[in-house]
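**Q** 3D model of this:
(2 chains, ligands or ions: 2)
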Amino acid sequence: MPIEATVNGRTVRFAGESDTPLLWALREELGLTGTKFGCGVAACGACTVHVDGAPVRSCSLPLAAAAGTVITTIEGLKSADGQLHPVQQAWIDQQVPQCGYCQSGQIMAAVALLQQTPQPSDEAIDAAMTNLCRCGTYPRIRAAIHAATGQAADAAAGAA
Amino acid sequence: MGIRRRAVLFGSLAVAGAGMFGLKWSGSRAMAEAKAATVRPGEGGFAAFLKIAPDDTITLYSPTIDFGQGAHTAQAQLVAEELGVDPARIVVAQAPALPGFANAGIIEGFGAEMVSPAFAHLPASVLGLVARAIPMQMTGGSSGVRYTGQIALRRAAAGARALLTAEAADRLGVPAAQIVLEDGRARHTGSGRALRLGELAEAAAQRRLWTEPTPGAARRGRAIGQSPLRQDIPGKVDGTAVYGIDVTLPDMRVATLVMAPVRGGKLEAVDTRPARAIAGVEKVIQLEDAVVVVARGYWPALKGVRALSPRFADGGHGGLNSPGIYAAQDALRRAGKPDKTAGEGDVAAALADPAARTVSADYRVPYLHHAMMEPFAVTAHRQGDRLDIWAGLQDPLLVRHMAAEVAGLPESAVTVHTTIMGGGFGRRFPAQCEVIGQAVRVASQCPWPVKLIWSREQEVQHGSYRAQASARLTAALRDGRITAMRTDYAQGDNVEGEVHFLYEVPATERRHFAFKTNQLDGPFRSVNANPFGYWTESFIDELAHAVGEDPYRFRRKHLAEGSRHVRVLDEAARRAGWGTPPPPGVGRGIALVESFGTIVAEVVEAALREDGYPRVQRVTAVVDCGTTVNPRNAEAQISGGIIQALSTAIAEEITLDQGAVVQSNFTDYPLLRLAEAPPRIDVHFIESGAPLGGIGEPGVPPATPALVNALFALTGKRVRTLPIRDQARA
Ligand code: FES
Ligand code: FES
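**A** Ligands and ions are numbered 1, 2, ... in the order given. Reported below is the predicted structural model:
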C-alpha cells in the first residue's frame, strides 16, 4: 500500500517499502538530495527535515511513520517567489559553510529553533543545535542564528 | 602521504629534462587535449588554466579540489590581482581530469621544499611537462594557494597578462609598456583608449610567449587581502550542490558493502541467498575482501548486507589490540635501532653532561578517524571499452590512473567527473581509497551505472587513520636553558615533513622507529605536525615548569630575538592577557607550532566540567602566513581547525581489539558539538609579508598542547596520553 505525505507543499505517494527511512525515500524516490546521509543512526543530524513542523532525523524515521505528515526539506525553505529563507540568507551573509555537507541539516535545525524561539539565547542555541559539523563551523552557525533572528522573527510573525 | 616519494621521483625526471624542452607555452599533445576540452572558437585559452570569452567572462579551471577550505576563491583573487579584474568576475570551475591540467604548482612548491631548492628555478614549462608525465592533480599539504595558486595559476595569469598586453599594444599601435590592465580592459595610459579583454583574448592566446612569465608578489592589493563571497556557498544553503553521494544517473543502481573486519583479511565464504531474497536487491558481488550488494536503492542494499553472514579470515592480524600496539612501540624504541635519524649537534654528549639535568616523558596518541561528514560514494559506469567515474577525491588524475589500471583500460578510456565533497581532511587521497577499485570492479560486473556508498560503520572501521604513536622525549637542562632535546617516536612510516623544531637548542635529534600494523596510516589534517606539535609543545611546558619558569617566557628565551616566531608568540600572549590571573576555575596554556610555512601560536583557557572532561572557554590564535589572501576564509580555516583539534584531543580514539576496530559510528566515536565548542575564538593575523604559508592545516597543531598545558596550569596534572577525557580531574 503506497504511503502518502505532503512534501514541500506537494502531495506525494511513496512506492518504497514501509520500513524505508524517510531520508532515502526523499533522496532516491523524489530526487531531493539536499537532505544528507551522515550516520544512519540519528547521531549527526545531516538528514534533518521538518515533519509536521518539528525537526526530525529522517534517517531514522520509517516511511510508515511519515504517512499523512507534512514534510519540509531544505529544497522547500525558499518562498514561492524563490526568495531565500532569512536563515539561508544569514548563512550566506556570515559565510557559514565550509564543505557544506552538514549545512542542510544545520539550517533545518536552526529554522525549527527560530519557529519555537524567535530570539534564542546562547543556551537555547546550545540545546537545540546538536548537529555535528566536522569542519568546525559552529561559531559562524551561532553568529548566523543571532543575525537571522530579527528577520526570522518578522517572517514568523508575518506567517502567523 | 606519498608526496615525498613522488617528489623524489619527479625530482630526477625534471632535472633530466631541464635542458631539453626549453620554454613552450603550448603545443604539446596534452595541452591541445586540454584546450579542446574547454576552449570554444572565439575564446582565448591560456596555459589551460585560464579562459577568456568574448563576453569578458573569465574562467579559471582549478586543478585544486575545494572541499570548503576556500581555495578556489583565493585562487580567483590571485588571478584577479594579476589581470586587474574584480575577483567576483572570475568563474572558478573544476579542471577536467586531463594531464594538461596537472598541478605543476604543487610539484614545484613541494619539490623546492622537499627535494631541492633548485626546483624553484626550473622553467615552468619543464615543471608542467613533469606534472603531466605523472598523473597529479593533488590537493593537500595546505598548498592550494601558496603553491598551486601562487605558482601555477598566477603564472598562467601573468602569461595571459603579457599576451593580452602585447595584442592590445599592436592593435592600438603603441608600445606594450604603455598598456595597463585594469577593470577588465587593456588601456593605453597616454590616450586612454582601451580594449576589452574579451575582444583581445582569442588573438592574444595565439601569440607566442618568448619569456617566462613573472607573476607579481602576493601582496595586499585590490583583490588580495579582500574577502569576496565564496561562489560555492549558495548551492550549499539551498540543497542544490551536488556531492559525490548525490550523483544520480538514468537506470543507476545503488550499492553498499561489508569489508573484512580485520584489515588485511580475505573473504572466505558467503551465502548470498539471504541478500538476494530481499526486495530490491539485484546482485551480490564478492570481492577479495568484501561483499557488495547492488540494489535499487541504498536501503535495500543495506538490508541485503545486513542479511549476510560472510566469513572473513583475519590475515594473521587477529591478535592485535591497542594496548598491545603501545607496548610493542615502546619495546621497539627501547631496542634502540631507529630507521631514520635527523637533527643536529651532539645530543648524546649534552645528555651525558654531569652539570645538566635530564628530564624525560612518554607520550601516546591513538588512531584517529577523519570523520568527513560525507561517507565515500563513488559512481562508476562501464560501457564496453569506456569507463566513467563520478567521485570527489583529492587527486582526480590519480583516480583516473587507478581506475584505468583496475579496469584494464588505457587512461584515455576513463573519464573522471569530479564532484564537490563533504570534507576530506586527508581521507580522500586516492592511493588510500579502496572505494575506487571497489566501484570499478562492481561496475564491471553490472550493466548499469552503480553508486557505491560506504555506510558510516564501514567508514569508521576502515579508515586511513592518523597513526597511533608512542614517543619518548628527553631533554638536558642547564642554567635554565635546554641544551639538548631528543624525540624517539614509533609509528607507521609517515611523512617526516612538517616537523619544525623552532627553538634555539644546540643539539636536537629525532629518531623514527618504523612500526607496522595491519592498519592504513594516512595523512590527517596537519599530518606529522599534529602529533609532533602535541608532544613537543607539551614537553616544552614540562621543561619550563622543571626550571620554575613561566611557559611563555621560557619559550621566548629559546627563540631568536626579532624572529617571526617571537612576534607571533608575543602577540598571542598579549591578546590573551597572559600574565593576568585567569577567571576562577580556569587554566591558561600556550603553544607555538610552525607547519606548512605558517607560524601559529594559540592560548587556550579551559575549565573542567563536572564529569572531569575539559571545557574550553576561549582560544586566542595569532597567525603569520605571510600575507592573508582572504582574511574571512583564513579565519574560518584557523577556527575550524582549532575546533577539530580540540574534538580529537578531548574524546576521539579508534581502538583495535582482536585486530578489528571497536568503534562503529558517532555514538561511540563522539565529535565535538556546538555546545562544547569554545564560545570565544579570536584569530589575529600578522601581515609579515613573508612567503605565503598554508592556511588549511596550521591552525590544528597548537590547539591540543595549549589545552593540555592549560589543564596542567589548572590541576597540576599532565596529560601524556590522548584523548584527554577526564584524566585532568583532580
Ligand atoms: S544521517 Fe541521520 S542523523 Fe546522521
Ligand atoms: S561544513 Fe563541513 S561538516 Fe559542516
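
**Q** how about the most centrally placed residue in chain B, phi and psi?
**A** The residue lying closest to the centre of chain B (C-alpha atoms, centre = their mean) is B:G140, at 3.5 Å. Note on B:G140: backbone dihedrals following degrees, to the nearest 10 are phi 160, psi 170.

**Q** so how far is ligand 1 from it?
**A** As defined by C-beta to the nearest ligand atom, to the nearest Å, B:G140 lies at a distance of 27 Å from ligand 1. For every residue, glycine as well, the C-beta is placed using N, CA and C.

**Q** Could you find the closest non-adjacent residue to that residue?
**A** In space, and not counting its chain neighbours, B:G140 is closest to B:Q394: 5.9 Å by C-beta to C-beta, 6 or more residues apart in numbering or on different chains.

**Q** Report pLDDT for the one you found.
**A** At B:Q394, the model reports a pLDDT of 87.

**Q** What's the local residue count around residue 32?
**A** Going with chain A. By the criterion of other C-beta atoms under 10 Å in any protein chain shown, A:L32 has 22 neighbours.

**Q** that's the wrong chain, I meant chain B
**A** Neighbours of B:A32 under the rule other C-beta under 10 Å: 12.

**Q** and residue 71, what does it touch?
**A** Here I'm looking at chain A. Contacts for A:I71 were tallied using C-beta atoms under 8 Å, 6 or more residues apart in numbering or on different chains; they are A:5-8, A:22, A:26, A:49-51.

**Q** not what I meant, chain B
**A** Applying C-beta under 8 Å, 6+ apart, the residues near B:A71 are B:62, B:64-65, B:139, B:144-145, B:148-149, B:696.

**Q** what about the residue nearest the centre of chain A, is that helix, strand or coil?
**A** With distances taken as C-alpha atoms, centre = their mean, A:M108 lies nearest the centre of chain A, 2.4 Å away. Using DSSP: H, G, I helix; E, B strand; the rest coil, the structure places A:M108 in helix.

**Q** Distance from the chain centre to the host helix or strand of B:V284, please.
**A** Assessed by DSSP states H and E, B:V284 sits inside strand B:281-287. Distance, stretch centre to chain centre, for strand B:281-287: 34 Å (C-alpha atoms, centre = their mean, to the nearest Å).

**Q** A:A65 versus the closest residue to A:P2 other than its chain neighbours, what's the distance?
**A** Nearest non-adjacent residue to A:P2, counting by C-beta to C-beta, 6+ apart: A:R13, 4.6 Å away. A:R13 sits 16 Å away from A:A65, going by C-beta to C-beta, to the nearest Å.

**Q** Which one's more surrounded, those two?
**A** Of the pair A:R13 and A:A65, A:A65 is the one with more neighbours under other C-beta under 10 Å, namely 16 against 9.

**Q** ok, that one - contacts?
**A** Contacts for A:A65 (C-beta under 8 Å, 6+ apart) come out as A:L22.

**Q** Quick check: buried residues in the helix or strand hosting it?
**A** Assigned by DSSP H and E, A:A65 belongs to helix A:63-66. When burial is assessed from 16 or more other C-beta atoms under 10 Å in any protein chain shown, helix A:63-66 yields the following buried residues: A:63, A:65-66.

**Q** Among the residues you listed, which one sits closest to ligand 2?
**A** Using C-beta to the nearest ligand atom, A:A66 is the member of the buried residues of helix A:63-66 that lies nearest ligand 2, at 25.7 Å.

**Q** Am I right that A:Q119 sits in a helix?
**A** No. Using three-state DSSP, the assignment for A:Q119 is coil, not a helix.

**Q** Need the pLDDT of it.
**A** As predicted, A:Q119 sits at a pLDDT of 94.

**Q** so it makes contact with A:H146?
**A** No. Under the criterion of C-beta atoms under 8 Å, A:Q119 makes no contact with A:H146, lying 9.1 Å away.

**Q** Which one's more surrounded, the two?
**A** Of the pair A:Q119 and A:H146, A:H146 is the one with more neighbours under other C-beta under 10 Å, namely 16 against 11.

**Q** Is it correct that the more buried one falls within a helix?
**A** Yes. Using three-state DSSP, the assignment for A:H146 is a helix.

**Q** does B:L672 count as helix, strand or coil?
**A** B:L672 - assigned by three-state DSSP - is coil.

**Q** scratch that, B:L153 is what I was asking about
**A** Assigned with three-state DSSP, B:L153 falls in the helix class.

**Q** hmm, back to that, off-centre distance for the helix holding A:A65?
**A** 17 Å.

**Q** Residue of the stretch 451-600 of chain B closest to chain A, please.
**A** B:R456 (4.5 Å; C-beta to the nearest C-beta).

**Q** thinking that residue is in contact with A:A42, fair?
**A** No. Using C-beta under 8 Å, B:R456 is not in contact with A:A42; the gap is 11.5 Å.

**Q** neighbour count winner among these two?
**A** Comparing B:R456 with A:A42 by other C-beta under 10 Å, the one with more neighbours is B:R456, at 23 against 17.

**Q** Tell me the spatial nearest neighbour of the more buried one, not counting adjacent residues.
**A** Nearest non-adjacent residue to B:R456, counting by C-beta to C-beta, 6+ apart: A:C39, 4.5 Å away.

**Q** Surely that neighbour and B:E459 touch.
**A** No. Contact between A:C39 and B:E459 fails when scored by C-beta under 8 Å: they sit 9.2 Å apart.

**Q** B:F501: how many residues sit nearby?
**A** Neighbours of B:F501 (other C-beta under 10 Å): 17.

**Q** Same question for B:P310.
**A** Here the count is done by other C-beta under 10 Å, and B:P310 has 18 residues near it.

**Q** quick one: it from B:V600, how far?
**A** 47 Å.

**Q** need the next SSE after the strand holding B:V284, C-terminal direction.
**A** By DSSP H and E, the next helix or strand past strand B:281-287 is strand B:290-295.
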